[in-house]
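could you look at this predicted model? Sequence included:
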Amino acid sequence: MPTVTKKLDAGHFQLKDQVVSINRVTKVVKGGKNLSFAALVVVGDPSAAVVGFGSGKAKEVPQAIRKGIESAKKNLFKVNLTQTTIPHTVLGRFGSGMVLLKPAPEGTGVIAGGAVRAVMTSAGIQNVLTKSIGTTNPHNVIKATFDALKQLKNRADVAALRGKSAEEL
């Protein structure tokens with residue numbers, strides 16, 4: 001069951017932005033072609049385990065990135081972590097893209113490709129194994145990664161669901 005997350009205020013965090021992809025797009029009109037740029041951006045505060053993504057489109061690259069950052073700040077959420085890794089294995093899906101996230105022991109580092117790596121480092125996850133399955137479209141890969149991160153539960157929540165104390169698990 002999906003959990004309802006409250007809006008996080010971007011002003012409380014030291015957010016770092018990372019551009020995942022920039023795409024040149026054209027719109028064919030009567031007078032010719034209109035060029036613009038679409039940017040996919042991930043923002044996060046590694047110390048607070050907060051991350052979000054957004055996309056922006058504009059005539060020039062810097063404006064597209066700025067719009068993407070503003071969009072990303074609007075959908076920030078907190079990631080459940082255990083020390084430097086994730087609490088359990090999880091599979092996120094979006095479209096034809098799937099992203100598998102597995103916890104890793106201390107010293108492993110972030111084993112991830114492009115779009116997934118940007119999300120993991122922005123969220124402050126230091127040790128994780130990932131596998132991107134299906135599509136390589138960065139938009140779908142990032143949405144699948146966020147789906148996986150939203151499925152993560154901490155020990156206290158699982159214990160409450162089972163009607164036990166966190167020490168019993």
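That came through fine. Note that the structure is predicted; figures quoted are calculated from it, not measured. Residues are numbered from 1 along each chain as shown.

quick one: least confident helix or strand in the chain?
For the chain, the helix or strand with the lowest mean confidence is helix 155-162, at a mean of 74 (criterion: mean pLDDT, DSSP states H and E).

ok, Arg117 - contacts?
Applying CB atoms under 8 Å, 6 or more residues apart in numbering to Arg117 gives the contacts Val110, Thr130. From N, CA and C alone the C-beta is placed, and that goes for glycine too.

okay, buried residues for the strand or helix carrying it please.
Using DSSP states H and E, the element containing Arg117 is helix 114-123. Neighbour-count burial for helix 114-123, with 16 or more other CB atoms under 10 Å as criterion, is recorded at Ala115, Val116, Arg117, Ala118, Val119, Met120, Thr121, Ser122, Ala123.

tally of neighbours for Val110?
By other CB atoms under 10 Å, 18 other residues sit near Val110.

not counting its neighbours along the chain, what's nearest it?
Once flanking residues are discounted, Val110 sits nearest to Met120: 4.8 Å by CB to CB, 6 or more residues apart in numbering.

what do you get for Leu76?
In this structure, Leu76 finds its nearest non-sequential neighbour in Gly52, 3.9 Å apart by CB to CB, 6+ apart.

can you show me the CA trace of the helix holding Arg117 as CSV?
Once non-C-alpha atoms are left out, helix 114-123 reads as follows in CSV (Å, rounded to 0.1, in the frame of the first residue of the first chain):
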residue,chain,number,x,y,z
GLY,A,114,24.3,6.7,-15.1
ALA,A,115,20.8,7.7,-14.1
VAL,A,116,20.5,5.3,-11.1
ARG,A,117,24.0,6.5,-9.8
ALA,A,118,22.8,10.1,-9.8
VAL,A,119,19.8,9.3,-7.7
MET,A,120,21.9,7.1,-5.2
THR,A,121,24.6,9.7,-4.7
SER,A,122,22.1,12.5,-4.3
ALA,A,123,20.1,10.5,-1.7
